[in-house]
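Asks: A structural model of the following input is requested.
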Amino acid sequence: MTISTDATLRYDPYDPEIRADPYPVFRRLREEAPLYYNAEYDFYALSRFDDIERGLVDHETFSSAKGDILEIIKADVEMPSGVFIFEDPPLHTAHRGILSRVFTPRKMNALEPKIRDFCAQVLDPLVGSDQIDFVRDLGATMPIRVIGMLLGIPESDQQEARQRGDNRLRTEPGMPADMSDGNYGDDAFFAEYIEWRAQHPSDDLMTELLQAEFEDPSGEVRKLTREEITIFVTMLTTAGNETTNRLIGWTGKILSDHPDQRRELHADRELIPNAIEEVLRFEPPAHQMCRFVTRDVDYYGQTVPAGSAIMFLCAAGNRDDRAFPPDGDVFDIHRTIGHHHTFGYGIHFCIGAALARLEGRIALDELLNRFPDWEIDAEHAELDSSPVRGWLTLPASVS
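Replies: Next comes the predicted model:
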């Protein structure tokens, strides 16, 4: 059944103008077309907070097994074992269990001294200058240092690992990404290093992945294959860098736009954790999470048929006035947030959320220690074309 909506209401996730500021469209979707259908790219979309949350926890109706990116679902490629974010239970449960042993809040919080040291190494040389770039100076360096440390990637190779991940995500402006090759592991970069690490174990996540045993859905107790490890490491490197890189950029941009709140944070650092949650709610790097619909499902008197692709617009839901009254489009570091969907919800909740939050808090604290005031140079700031929405460069004058 075709869903009719106002012809002036159009959500194209690839449109550069919409990507630059999608929130007016998101508000119209929530109010006028909470179930939206895009005929050009053949997908449905939900934009209200409660609808998104119910969908994200219903993994039987809304499957991740064909991917969580629209282009991948449409390409209908066969997923190799190990792409844990594109898996349903029981395989997803087995693979996630391996990583959950490492990415615990306690273990992540123990990294604080190292993360602060990485920030200091980047920021101290900039003290006394009149300009910094939140992305190039900090966002593109500190997060990859952290994930590189966890995986045991030598510092000399970390920027290449970051750049490879960036290149895999970047798309032509206005165009869908080509996801038809089905290659989710960077064999060219990681395979040789994984083999070296297998012969030279160390105290890092790479070694844990090589040595971990788990019970797969067939009942066999085994170790991860080299292909699975390569996929794990590729995905962790890319996700571990991109999300925090974007978070740092958006923190700089939003607090430049809200200088009074930035000054509150400088005066009272106890406000920083909630401020980071508000940044994550207000400007999530990933605007949507997609699923493959396994059975007919009804919303607002319309049927989404089995076999469809559906888009959960988490960035729209994060600003839903019903969930974040009185006005979800207002940034407020004092807001009582509860929870948002920036890291997903349900079984696919981001396994690195605790680490991203920690890095975001430390980065803001260390920035405020050195630069109490800043103003973004909007003329020279540039949004990236990656589906993970954020800044390619974000210069600012500082004092």
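
Asks: for the stretch 51-200 of the chain, which spans come out with low pLDDT?
Replies: 166, 168-187 (pLDDT under 70).

Asks: Show me the helices in it, by range?
Replies: Secondary structure of the stretch 51-200 of the chain by DSSP state H, counting those that start in this stretch: the helices cover 70-75, 91-100, 105-109, 112-123, 142-151, 155-169, 187-199.

Asks: need these in a markdown table with mean neighbour count, can you?
Replies: All C-beta spots, glycine's among them, are computed from the backbone N, C-alpha and C. Output for the helices of the stretch 51-200 of the chain, formatted as a markdown table (neighbours: other Cβ atoms under 10 Å):
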| stretch | mean neighbour count |
| --- | --- |
| helix 70-75 | 21 |
| helix 91-100 | 17 |
| helix 105-109 | 13 |
| helix 112-123 | 17 |
| helix 142-151 | 24 |
| helix 155-169 | 16 |
| helix 187-199 | 15 |
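
Asks: mind pulling up the phi and psi values for Cys290?
Replies: Cys290 has phi and psi values of phi -110, psi 160 when expressed as degrees, to the nearest 10.

Asks: Quick check: it vs Cys314, distance?
Replies: Separation of Cys290 from Cys314 (Cβ to Cβ, to the nearest Å): 11 Å.

Asks: Ok, Phe189 next?
Replies: 30 Å.

Asks: try Val233
Replies: Counting by Cβ to Cβ, the gap from Val233 to Cys314 is 26 Å.

Asks: Pro395 is nearest to which of the helices of the stretch 51-200 of the chain?
Replies: Among these, the nearest to Pro395 by Cβ to Cβ is helix 112-123 (14.9 Å).

Asks: how far off helix 142-151 does the closest one point, in degrees?
Replies: Helix 112-123 runs at 140 degrees relative to helix 142-151, counting by axes from the mean of the first three to the mean of the last three Cα atoms, to 10 degrees.

Asks: name the element Arg222 belongs to?
Replies: Assessed by DSSP states H and E, Arg222 sits inside strand 221-223.

Asks: partners of that strand, with directions?
Replies: Within its sheet, strand 221-223 is paired with strand 213-215 (antiparallel), according to DSSP bridges.

Asks: from the chain's centre, how far out does the strand it pairs with sit?
Replies: Between the mean C-alpha location of strand 213-215 and the chain-wide mean there is a distance of 28 Å, by Cα atoms, centre = their mean, to the nearest Å.

Asks: Let me see the residues that make contact with that strand.
Replies: With contacts defined as Cβ atoms under 8 Å, 6 or more residues apart in numbering, strand 213-215 is touched by 94-95, 97-98, 221-224.

Asks: One more: stretch 90-103?
Replies: If you take Cβ under 8 Å, 6+ apart as the criterion, stretch 90-103 is touched by 64, 81-82, 84, 87, 150, 205, 208-209, 212, 214-217, 224, 228, 232, 236, 347-348, 351-352, 354-355.

Asks: Now, of those, which are buried?
Replies: 64, 82, 84, 87, 150, 205, 208-209, 212, 224, 228, 232, 236, 348, 351-352, 354-355 (16 or more other Cβ atoms under 10 Å).
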